[in-house]
Structures are given as C-alpha cells and as structure tokens.
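Participant: build me a model from this:
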Amino acid sequence: MTFQKVTIIGIGLIGGSLAWALKKSGEVAEIFGVDLDEKAIDYAIQEGIIDRGSNEIEKGVKQSEIIVIATHVGLIPRIAKSVFDIASKGSLITDVGSIKGKIVEEVEVSLPSHLFYFVGGHPIAGTERSSVWAADYRLFQGKRCILTPTQKTQAEALAKAKSLWEIVGAEVFTMDPQTHDRVFAYVSHLPHAVAYALLNAVASEKEPDNILEFAGGGLRDYTRIGASSPDMWSDIFLANKKNVIEAIEAFKGALEKIRLMIEREDIKGLKEELSKSVSVKHIADK
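Facilitator: Here you go, the predicted model:
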C-alpha cells in the first residue's frame with residue numbers, strides 16, 4: 001500500500017472519481033468520503049467508490065494521511081482551516097480547485113506548517129456533470145494535473161501529492177499559483193464565460209426555441225459547456241476576478257476587430273484575422 005488512509009471531502013464528480021480511481025488502484029488501504037449529502041455517501045459506499053463515509057469532517061479526517069478538499073473553490077480555504085484542529089500531525093492537505101492563487105495564499109497564511117502540509121492541486125479533467133452519480137474512475141487517466149508549490153512547500157509533501165495523482169493515471173506538472181491562474185483564465189475560465197454569454201445572447205432573441213431547433217454542432221459544443229454548474233463557475237470567476245476580467249477584455253477586443261471588418265466588408269483583413277486561429281488550434285491539439 002502506498003497510503004493507509006485518504007479522505008476526500010466533497011464526493012462530487014471530481015472527488016468521487018478520485019476516490020473511485022484510488023480504490024481501483026489497490027494502493028490505498030482505506031478511502032473515506034465526507035459529504036453533506038447522505039444519499040451521495042450511501043451511493044458511493046454501495047458502488048464501492050469509497051470504503052466508509054460521513055457527513056462529519058472530523059470522523060473522516062482523523063488518522064488520515066492525505067486529505068483532499070474537492071468542494072467549490074469558495075469553500076476550500078475555510079474547510080482547510082477547519083481541518084487544522086482535527087487532522088493528525090504530518091497529514092497532507094491538498095485540493096482540486098481550478099484557481100490557486102487565492103486558495104494557496106489564504107491556506108498558507110494560517111497553516112501550522114510544523115503540524116501539517118499543504119499543496120495546491122488542479123486536475124485538468126471533468127465534464128459538465130457535477131455529482132457522484134457521474135463519477136468515473138478513468139477520469140484522470142492520461143490527463144494533466146497541476147500542482148502549485150510555493151517557497152513554503154516541503155519536498156516531502158510535494159512528492160506525496162505527486163504520487164497521489166500518478167496512482168490514478170494523471171501526468172503531473174508544477175506551476176506557481178499566480179502563473180496557473182493567469183493561464184487558466186484564458187484556456188478554461190474565458191471559454192466558460194463565453195459559452196454562458198453566447199447562450200444567453202441566443203436566449204435573448206424573440207423566438208429562441210425556433211432558433212435552437214436548427215442548432216448545429218458548433219452551438220451544441222457551447223451548450224455542453226454552458227450546462228456546467230452556475231454555482232461552481234460563479235465561485236471560480238470571482239476567485240480569479242482580475243485574470244478573468246483581463247481575458248474577457250482581450251476577447252472583447254478580438255471580437256470587436258472581427259465585427260468592424262464585417263461592417264467594412266474587409267474580406268482580405270477578415271480572412272487574415274480568421275486564419276490566426278489555425279495556429280492556435282495546432283498548439284492546442286498537441
């Protein structure tokens with residue numbers, strides 16, 4: 001066994017999938033799940049996703065080697081701080097939030113580092129669904145996971161966090177929290193903001209049902225993203241406010257440029273502008 005006990009706080013899509021993948025690996029003696037939804041806990045035990053579970057954090061955290069916080073990003077710092085009073089000495093606390101700067105800063109400020117360790121984490125995996133009923137133990141296989149160590153991060157803690165994600169098949173990268181948030185504002189947070197705005201624009205038409213009846217694959221790609229949890233993405237946008245606004249402004253500028261070329265019937269300029277995205281696709285497809 002690589003680990004004796006791992007506790008997952010938040011048995012949703014990511015937390016449930018991580019628990020299940022760890023369970024399937026045979027590398028963890030016990031997987032304990034914590035969630036306020038007792039039905040989620042019951043389902044996870046019944047399906048063999050976790051070994052035991054509770055809606056009380058204290059029951060799960062005691063004697064746990066690794067504690068993974070897999071809740072909405074707005075709750076992560078508060079939950080981490082509540083864990084400090086009950087976790088066993090030497091425990092590693094980590095998370096799965098898609099923003100890192102604010103979370104890492106708030107946790108490290110109050111972290112009793114002589115007792116516990118913290119490493120920020122962000123697995124680049126997921127779907128538009130958000131519950132344990134959508135959990136998939138294969139979710140992280142071949143996917144990337146970003147760990148965001150700081151100058152305060154102990155090498156032992158980083159190695160342990162890296163091992164956790166490698167067990168479930170993820171390819172682990174490290175990045176400082178600020179760089180992480182700037183990068184993902186453009187490659188993840190902006191696409192979601194655009195999807196929500198696009199669908200809202202379509203819905204604002206006088207007869208949106210008639211329009212949507214003829215929606216092709218292009219719009220359907222956005223409807224998949226737009227089906228993501230509004231609660232989760234509201235938290236993400238606000239937690240990464242500065243970077244998300246910067247990305248939205250860049251998008252507005254690029255969209256306005258295309259609008260002006262269409263208005264002026266500048267076919268040469270329009271073709272050149274549209275062609276720029278080809279190089280972006282080649283990089284993204286690598």
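Participant: and the longest helix for the protein?
Facilitator: Among all segments of the chain classified by DSSP state H, the helix with the greatest residue count is helix 241-264.
Participant: tell me what it is packed against?
Facilitator: In terms of contacts (3 or more CB pairs under 8 Å, 6 or more residues apart in numbering; DSSP states H and E), helix 241-264 is packed against helix 190-203, helix 267-285. For every residue, glycine as well, the C-beta is placed using N, CA and C.
Participant: buried residues in it?
Facilitator: Neighbour-count burial for helix 241-264 flags Asn243, Val244, Ala247, Ile248, Phe251, Met261 (criterion: 16 or more other CB atoms under 10 Å).
Participant: now do stretch 190-197
Facilitator: Quick answer for stretch 190-197 (16+ other CB under 10 Å): Leu190, His192, Ala193, Val194, Ala195, Tyr196.
Participant: and the residue nearest to the first one when sequence neighbours are not counted, what does it touch?
Facilitator: Yep, that's Leu190 we're talking about. Distances taken as CB to CB, 6 or more residues apart in numbering put Ala247 closest to Leu190, at 4.1 Å, once the chain neighbours are dropped. Residues near Ala247 by CB atoms under 8 Å, 6 or more residues apart in numbering: Ala185, Tyr186, His189, Leu190, Ala193.
Participant: helix, strand or coil: sort out the first one for me.
Facilitator: State at Ala185, reduced to three classes by DSSP: H, G, I helix; E, B strand; the rest coil: helix.
Participant: test my guess that it contacts Asn243.
Facilitator: Yes: here Ala185 reaches Asn243: they are 3.5 Å apart, a contact under CB atoms under 8 Å.
Participant: please enumerate the strands of this structure.
Facilitator: Ranges of strands in the chain, per DSSP state E, are 3-9, 28-34, 52-54, 66-69, 92-95, 117-123, 144-148, 171-174.
Participant: for the last one, enumerate the helices and strands it packs against.
Facilitator: Counting contacts by 3+ CB pairs under 8 Å, 6+ apart, the secondary-structure elements packed against strand 171-174 are strand 144-148, helix 155-167.
Participant: got the angle for the first one vs strand 117-123?
Facilitator: Using axes from the mean of the first three to the mean of the last three CA atoms, to 10 degrees, one finds that strand 144-148 and strand 117-123 are set 150 degrees apart in direction.
Participant: okay, now the domains of this structure?
Facilitator: 3-175, 179-285 (automatic domain parsing).
Participant: highest mean neighbour count out of those?
Facilitator: Ranked by mean neighbour count, the domains of the chain are led by domain 3-175 with a mean of 20 (mean count of other CB atoms under 10 Å).
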